[in-house]
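Peer 1: My questions concern the predicted model and sequence given below.
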Amino acid sequence: MKSLMMQGTQILATGSAVPDFSLSNEQISQIVETSNEWILTRTGIKKRRILTGTHQSIIDLAVVAALKALNKIAMDASEIDLIILATSSPNDLFGSASQIQAKIKANNAVAFDLTAACSGFVLGMITASQFLQNGSYKTVLVIGADTLSKWVNWSDRSTCILFGDGAGAMILQSCSKLDNQILGFQLNTDGNYCNHLSLLYEEEINPHPILNLYQGSFKYISMNGKEVYKFAVSQVPLSILKCLNSLNIDVNDIDWLLLHQANDRILTAVADKLSIDTNKIIMNLNKYGNTSAASIPLALDEALEQKKISNNDLIVISGFGAGLTWGTAIIKWKY
């Protein structure tokens, strides 16, 4: 837990983007043996957005989300010092953040990718806050973007019903401690259970005939749904409580619970363990499915657009997923 800060961090704006094409449960039932009732009962998802067409990638979604956030505050991209792209589906394994930097003309910004799957945006936001609080940078753009539809086995009913594509952006800036919005955080990793949710590189059976070198490629998402559910429901409430306790904040003081949009049963189970009213859960996975690193900023941006969140509301944000990784950030929203 890190709560002692040299400076504070304020959130200036958010933005989001989703593909135009919407894939319903009924349409999925034409691809694999399933039904709308089966999917809805087990996940809470009614439809998801899928990035279709040629030469489309997370870059397209991330750029739109970033520009929306910049336009909300009439900020020129040249004012951004750092860009952090949280993604597990880059269009270039060497990194995609630099492509975003070029496209939005953030010519003064350093840019890098951060990979932590569904926990990626929380880790990106906290990483940004550390750069801001120690004075290294003044303005940071954090983007969570994923297009996991490209990495799903569309004949695997257990995974293809879950994932959608999207992007969410947040602009953060250093400020005085009095204006600080990120009050504290708590992060965890347990690599012993990485096999529960993975997208593995697989070597070819036969080596290169001269070099004896085994090459290969990345395959499809693999998930043990029962174990991921058990992990999330047991560990996420503990992370949230640890973070709240370190800040001497009572659970009853929480105005909003914003969790990674994985499955509505996970969201309600976490709220139930914390004795938080389900009316305080920010949820939009019914429309977008699991958008991985994009899910938290996408849901936050939508909640702000709908004016759900008021000045000085206390928001608990928690991401969890592959790694296994999980983490919590406590935010006091200020307009």
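Peer 2: Good, I have the coordinates. All values reported here derive from a predicted model rather than from experimental measurement.
Peer 1: Quick one: mean pLDDT for the longest helix along the chain?
Peer 2: Assignment by DSSP state H gives helix 225-246 as the longest helix of the chain. Mean per-residue pLDDT for helix 225-246: 97.
Peer 1: what packs against it?
Peer 2: Other elements packing on helix 225-246 under the criterion 3 or more C-beta pairs under 8 Å, 6 or more residues apart in numbering; DSSP states H and E are strand 182-189, helix 264-273, strand 314-321, strand 325-332. Where you see a C-beta, it was placed from the backbone N, CA and C, and this is true even at glycine.
Peer 1: and that helix, how far out from the chain's middle?
Peer 2: Helix 225-246 has its C-alpha centroid displaced from the chain centroid by 16 Å (C-alpha atoms, centre = their mean, to the nearest Å).
Peer 1: OK, contacts around N312?
Peer 2: N312 is in contact with 332-334, counting by C-beta atoms under 8 Å, 6 or more residues apart in numbering.
Peer 1: Which single one of the residues you listed is nearest to G319?
Peer 2: Comparing those against G319 with C-beta to C-beta places W333 closest, at 17.9 Å.
Peer 1: contacting residues for that closest one?
Peer 2: Counting by C-beta under 8 Å, 6+ apart, W333 has contacts 11, 181, 309-315.
Peer 1: now these in JSON lines, with distance to T87 and pLDDT?
Peer 2: Formatted as JSON lines, these follow (distance: C-beta to C-beta, whole Å; pLDDT from 0 to 100):
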{"residue": "I11", "distance to T87": "20", "pLDDT": "98"}
{"residue": "Q181", "distance to T87": "24", "pLDDT": "96"}
{"residue": "I309", "distance to T87": "25", "pLDDT": "97"}
{"residue": "S310", "distance to T87": "31", "pLDDT": "96"}
{"residue": "N311", "distance to T87": "32", "pLDDT": "95"}
{"residue": "N312", "distance to T87": "32", "pLDDT": "96"}
{"residue": "D313", "distance to T87": "28", "pLDDT": "98"}
{"residue": "L314", "distance to T87": "29", "pLDDT": "98"}
{"residue": "I315", "distance to T87": "23", "pLDDT": "98"}
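Peer 1: Could you dump these into JSON lines with distance to A262 added?
Peer 2: Listed next are those as JSON lines, based on distance: C-beta to C-beta, whole Å:
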{"residue": "I11", "distance to A262": "23"}
{"residue": "Q181", "distance to A262": "25"}
{"residue": "I309", "distance to A262": "21"}
{"residue": "S310", "distance to A262": "26"}
{"residue": "N311", "distance to A262": "29"}
{"residue": "N312", "distance to A262": "29"}
{"residue": "D313", "distance to A262": "23"}
{"residue": "L314", "distance to A262": "23"}
{"residue": "I315", "distance to A262": "18"}
